[in-house]
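S.K.: return atomic coordinates for the entry below.
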Amino acid sequence: MNNDIFKHVEQGSRQEKSDDIAKMHKCPIIKLVDIEKDMYMAVVPDLDIVIKSSSETWLSNFPLWQTAYYPLYTPDALWPDMGLWHLVWAVLGFQRS
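M.R.: Here you go, the predicted model:
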């Protein structure tokens with residue numbers, strides 16, 4: 001299998017996917033569960049919500065595979081200014097959805 005397609009994937013997960021394919025190269029059939037079990041964050045439980053400060057919606061250098069189906073909360077505050085109320089609003093918004 002050619003690993004060239006993985007060179008253009010988001011930087012943070014590029015090496016992870018490339019390593020997975022290298023391990024499974026000898027396997028003729030690659031299943032989703034095979035890829036997910038070898039992810040670097042496989043030991044971490046699934047996320048409930050992703051909070052990104054500064055109202056930016058891009059997630060550079062972040063595990064995009066693991067966060068594909070989770071809500072993204074983007075308050076206007078920068079990270080140093082994030083406080084308890086930002087977290088409360090994120091949780092309330094998540095509970096409503």
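
S.K.: I'd guessed residue 70 sits against residue 52; true?
M.R.: No - at 11.5 Å, residue 70 does not count as touching residue 52 under the criterion of C-beta atoms under 8 Å. Any C-beta I mention is one placed from the backbone N, CA and C, and that applies to glycine too.

S.K.: just the helices in the protein please.
M.R.: Counting by DSSP state H, residue ranges of the helices within the chain are 11-24, 32-37, 84-96.

S.K.: so for stretch 39-49, mean pLDDT?
M.R.: Over the span of stretch 39-49, the pLDDT mean works out to 78.

S.K.: what does that stretch contact?
M.R.: The set of residues external to stretch 39-49 that reach it, using C-beta atoms under 8 Å, 6 or more residues apart in numbering, is 16, 20, 36, 63, 65-67, 70-73, 90-91, 94.

S.K.: farthest-apart pair in these, please.
M.R.: 20 and 91 (33.1 Å; C-beta to C-beta).

S.K.: who's more crowded, the two?
M.R.: Per other C-beta atoms under 10 Å, whichever of residue 20 and residue 91 has more neighbours is residue 20, with 20 against 14.
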